[in-house]
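S.K.: Below is the structure, and that's it, no one-letter string:
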């Protein structure tokens, strides 16, 4: 099976979320999916463009969709839920008769609005499938407890996301279960982490991210699985700031779900960018090493 | 200490406000019956001056100045928990978004630092076509007077080889800048039409 789909990486993937990109590309390779980066893609404008006027956001994302369409794609996948929201906003503006004309005028490119935008989680569930992932597991992550953290935008608002349940999503739970991890019920799976306020309001991220980390700790999680660069940044890179705010220590690795799946598929930790995380997932490095030794032994006997 | 504010409603009533917000957001605010589900779902009430259900009520009461100058509308992170749970199917996030756009237009933003951050972010996108993360933070810090903000994160990011010293510049940056220009002229036209 070989398939090609359009890939919109987004700006954070080039920088602070590099390991998300690396792991997405690696696991897609395993399933014969070829990711074709949208040529010369631009930033979606993120929250700032949306605040200035949703039509600016729609037009910026519209350029990326228009390019993808002109190359002949009918589906674009992006790892970032923020970028996904912008891409979908663009399609929404196109379909809204009160906005369409203004949108097209600002965009000023041929646009048919027939392309679909999905997240990597939706892509894994709907295009690859939980069973297919399970069949390809080489090192089941048995004995490891991982809590799934979905964040705000992966499943909300339902009309927009058109994926999973907005209140009790299970897609990440199922993916983690498929690779052998123990997945407790995580009550904060869709609570907000504090979004971009990490930059300007440490108190907000301290409180919101703090309680997510605390809940994960109470559930004795070895790691938190995430699918959003911003959530990952707040929970991992800012974990030290949150620890200072709460005056307690967590040391919980916050790992992209694609990295966890990749590891179970037998991909080298380094290829998945696991060494780039701020809180090091040492237990995974060890497991992968042991797993490989066992694997080699089994093959020899 | 941030405190809740009180208002004398008769003195500050603006009869057109609810219609303007309804137009701008595409939401029927008059349908809100104050069940409080939005506030119960909101993670940000602890930093708001008015909980989100009160923002909805204040719109119904024509309290334009109080709403557009509130901290709440700028501290909303658009997590959409309120929109998901509203029993009247009001997309509350859309309402908050419309209020931010109106507040920006009227120049009465309660939290200037947020505006600085957004402005610099978009400048970066307009210049390079993509946002230059490494360059953005020092400029925001400089403009908001928090010189050492987040500087302790730099070594971590640098060690993970995620820190770029040069921006990623796309070929179509002029096309992107033109989108901004067309957007700005569209906005001016819209303002002139309304004004």
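M.R.: Sure thing, it's come through. This is a predicted model, so every value here is computed, not measured.
S.K.: Quick check: nearest residue in space to residue B:186, chain neighbours excluded?
M.R.: residue A:106 (5.8 Å; CB to CB, 6 or more residues apart in numbering or on different chains). (Each C-beta comes from the backbone N, C-alpha and C, glycine too.)
S.K.: Repeat that for residue A:285.
M.R.: residue A:269 (5.7 Å).
S.K.: how about stretch A:147-156, does it reach chain B?
M.R.: Yes. Using CB under 8 Å from any CB of the partner chain, we find that stretch A:147-156 touches chain B at A:152-153, A:156.
S.K.: chain center to that stretch: distance?
M.R.: Relative to its parent chain, stretch A:147-156 has a centroid offset of 9 Å by CA atoms, centre = their mean, to the nearest Å.
S.K.: any chance of the residues of stretch A:147-156 next to chain B in a markdown table, plus neighbour count, secondary structure and pLDDT?
M.R.: A markdown table is the format used below for these (neighbours: other CB atoms under 10 Å in any protein chain shown; DSSP: H, G, I helix; E, B strand; the rest coil; pLDDT from 0 to 100):
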| residue | neighbour count | secondary structure | pLDDT |
| --- | --- | --- | --- |
| A:152 | 27 | coil | 93 |
| A:153 | 27 | coil | 91 |
| A:156 | 26 | coil | 92 |
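S.K.: Out of the residues you listed, the closest to residue B:132 would be?
M.R.: Distance ranking of the residues of stretch A:147-156 next to chain B against residue B:132, using CB to CB, places residue A:153 first at 23.6 Å.
S.K.: Correct me if wrong: residue A:275 contacts residue A:281.
M.R.: No. Contact between residue A:275 and residue A:281 fails when scored by CB atoms under 8 Å: they sit 9.2 Å apart.
S.K.: ok, the two, which is more surrounded?
M.R.: Neighbours were counted for residue A:275 and for residue A:281 using other CB atoms under 10 Å in any protein chain shown; residue A:281 has more, 23 against 14.
S.K.: which residue packs closest to that one, ignoring adjacent ones?
M.R.: Of all residues apart from its sequence neighbours, residue A:253 sits closest to residue A:281 (CB to CB, 6+ apart), at 3.8 Å.
S.K.: With residue B:76 instead?
M.R.: Across the structure, with CB to CB, 6+ apart as the measure, the residue nearest residue B:76 apart from its sequence neighbours is residue B:96 (4.5 Å).
S.K.: can you tell me the helix or strand for that neighbour?
M.R.: helix B:92-106 (DSSP states H and E).
S.K.: distance of the residue nearest to residue A:285 from chain B?
M.R.: If you measure residue A:269 against chain B using CB to the nearest CB, to the nearest Å, the figure is 14 Å.
S.K.: do the lowest-mean-pLDDT helix or strand in chain B and chain A meet?
M.R.: For chain B, counting by mean pLDDT, DSSP states H and E, helix B:154-159 ranks last in confidence among helices and strands (a mean of 86). Yes. For a cut-off given as CB under 8 Å from any CB, helix B:154-159 has contacts with chain A, namely B:156-157.
S.K.: tell me what whichever helix or strand comes after that helix is packed against?
M.R.: Going down the chain from helix B:154-159, the next helix or strand is helix B:173-194, by DSSP H and E. Where contact means 3 or more CB pairs under 8 Å, 6 or more residues apart in numbering or on different chains; DSSP states H and E, helix B:173-194 is packed against helix A:54-71, helix A:100-107, helix B:112-128.
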